[in-house]
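Novice: what follows is a predicted structure for the sequence shown.
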Amino acid sequence: MTTTVDPPTTTLPTARMRTWHRPSLWFAAAMGVATVLTVAAMLIDHRTLLGSPVWAKLFKFAVSAGLYYFTWSWLVSLLNGRLRKIASVATTVSVVLFAGEYVAMAFQAARARPSHFANTSPFDATLFRIMGMMVAGLWLATLVGTVLLMFTQIEDRAVYWAVRTGAVVALIGAGLGVLMTGATPEQVATIKATGRSDLIGAHSVGVADGGPGLPLLGWSTTGGDLRIAHFVGLHALQALPLLAFGLAVLATRLPRLRESAVRVRLVWTGSAGYAGLVGLILWQAERGEPLIHPSSTTLAAAGLLVGVIAVATAASVLAPARKVLR
């Protein structure tokens, strides 16, 4: 087969921003404003909830959602014709549903009540169920957009594959949120003993929510935390395309990377490594193990993952270039 050598795409996607999906772009900007407002709220309002400032979750969601919808605004622009129209509708639905969830979260924060897992009163439980339905609808809308991205036409094949794999890993990462919604063994015991529990579901594994956590992030430092794999998986949507763009930039200095096949293989390797990282972090959390205090078993698994990816990276660069899979 003939070697494919194409000029790598070094122009960032912002060059064609006027073609981006407007609702998600404006919503990303709104989340930027929300980020500033929630920081101000934390400085003014010193109330806490489950060990964290009442506005901390709104801050974290604003930062994450801003990045997420900024990226989707670009991704929709990669499609053409009818596919783009369908993706635009699906992404707009996603924006509306997330906005609804965010408003509900802000309402509960103002009341110093948990927005997720709340079962303190019939109203709180009903609101959480409504939020759950919004999240389910949001995930389905994202599924539609992800499937449509399989039909993108991008000249740079490394970016093409990074977009596809990033969207799939992000969809899986978003779906990991469902693991937090089941009652913990302690909550089940409380329900059996008293007939009710103020919370049903938890972020933490092996310890109660609200214990010691990492600064700002709040991730548990004494037990497992399911939010970490959820967060890392979700942001494959940014990480893997950035890998492809980074390779394109490096290709201006490293002749070997100017071969499309080499960059594609590196993107595949990076995607596999990223998915492996999400799985490793999830496995660690499910075993009730804090992220910053890994066991020897976790360290061994991490070392194996790093070793495999290092070998795959070397093979990707050194193997003879072949025609890229189209």
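Specialist: That came through, no problem. What you are looking at is a predicted structure, and each value in this text was computed from that prediction instead of being measured.
Novice: Ala193 and Ala183, how far apart?
Specialist: 13 Å (C-beta to C-beta, to the nearest Å). (C-beta placed from N, C-alpha, C; glycine too.)
Novice: ok, the two, which is more surrounded?
Specialist: Ala183 (17 against 9; other C-beta atoms under 10 Å).
Novice: show me the contacts for that one.
Specialist: Neighbouring residues of Ala183 by C-beta atoms under 8 Å, 6 or more residues apart in numbering: Ile191, Ser197, Ile200, Gly201.
Novice: of the residues you listed, which is the most crowded?
Specialist: Ranking the contacts of Ala183 using other C-beta under 10 Å puts Gly201 first, with 22 neighbours.
Novice: how about the strands in the stretch 101-250 of the chain?
Specialist: Ranges of strands within the stretch 101-250 of the chain are 204-205, 224-225, based on DSSP state E, counting those that start in this stretch.
Novice: highest average neighbour count across those?
Specialist: Neighbour counts (mean count of other C-beta atoms under 10 Å) averaged over each of those peak at strand 224-225, with a mean of 28.
Novice: how about Val95, what does it touch?
Specialist: Val95 makes contact with Pro23, Ser24, Phe27, Tyr69, according to C-beta under 8 Å, 6+ apart.
Novice: same deal with Ile292?
Specialist: Contacts of Ile292 by C-beta under 8 Å, 6+ apart are Leu214, Thr221.
Novice: pretty sure it is in a strand, no?
Specialist: No. Ile292: not assigned to a strand; according to DSSP: H, G, I helix; E, B strand; the rest coil it is coil.
Novice: just list the residues touching Ala34, thanks.
Specialist: Leu58, Ala62, Gly66, Tyr102.
Novice: so after the host helix or strand of it, what's the next helix or strand?
Specialist: Assigned by DSSP states H and E, Ala34 belongs to helix 22-44. Remark: after helix 22-44, the chain's next helix or strand is strand 48-49, criterion DSSP H and E.
Novice: ok, and the closest non-adjacent residue to Pro241?
Specialist: Using C-beta to C-beta, 6 or more residues apart in numbering and skipping the chain neighbours, the partner closest in space to Pro241 is Ala162 (4.7 Å).
Novice: tell me how far that neighbour lies from Ser296.
Specialist: As judged by C-beta to C-beta, Ala162 and Ser296 stand 34 Å apart.
Novice: quick revisit: and the residue nearest to Pro241, how many neighbours?
Specialist: Residues near Ala162, counting by other C-beta under 10 Å, number 29.
Novice: what of Val103?
Specialist: Here the count is done by other C-beta under 10 Å, and Val103 has 10 residues near it.
Novice: now it: how far from Leu58?
Specialist: Distance from Val103 to Leu58, by C-beta to C-beta: 10 Å.
Novice: thinking again about what came up before, off-centre distance for the helix holding Ala34?
Specialist: 18 Å (C-alpha atoms, centre = their mean, to the nearest Å).
Novice: over to stretch 42-62?
Specialist: Computed by C-alpha atoms, centre = their mean, the chain-centroid distance of stretch 42-62 equals 21 Å.
Novice: go on, stretch 221-232?
Specialist: With C-alpha atoms, centre = their mean, you get 13 Å for stretch 221-232.
Novice: for Ser121, what are phi and psi?
Specialist: phi -140, psi 160 (degrees, to the nearest 10).
Novice: how much space is there between it and Pro114?
Specialist: In this view, Ser121 and Pro114 are 11 Å apart by C-beta to C-beta.
Novice: tell me the contacts of Ser115?
Specialist: Lys57, Ala104, Met105, Phe107, Gln108, Ala109, Leu127, Phe128, Met131.
Novice: what does Tyr160 give?
Specialist: With C-beta under 8 Å, 6+ apart, Tyr160 has these contacts: Thr152, Ile154.
Novice: for the one 4 residues further on, same thing?
Specialist: Taking C-beta under 8 Å, 6+ apart as the criterion, Arg164 is in contact with Leu149, Met150, Thr152.
Novice: can you check His203 too?
Specialist: Met180, Asp209, Ser220, Asp225, Leu226, Arg227.
Novice: got the contact list for the fourth one?
Specialist: Pointing back at Asp225 there. His203, Ser204, Val205, Gly213, Trp219, Ala285, Pro290, Leu291.
Novice: try it again with 6 Å
Specialist: His203, Ser204, Trp219, Ala285 (C-beta atoms under 6 Å, 6 or more residues apart in numbering).
Novice: what do you get for the first one?
Specialist: For Met180, the contact set (C-beta under 6 Å, 6+ apart) comprises Gly201, His203, Leu226.
Novice: one more pass at 8 Å, please.
Specialist: Contact partners of Met180, counting by C-beta under 8 Å, 6+ apart, are His116, Phe117, Gly201, Ala202, His203, Leu226, Arg227, His230.
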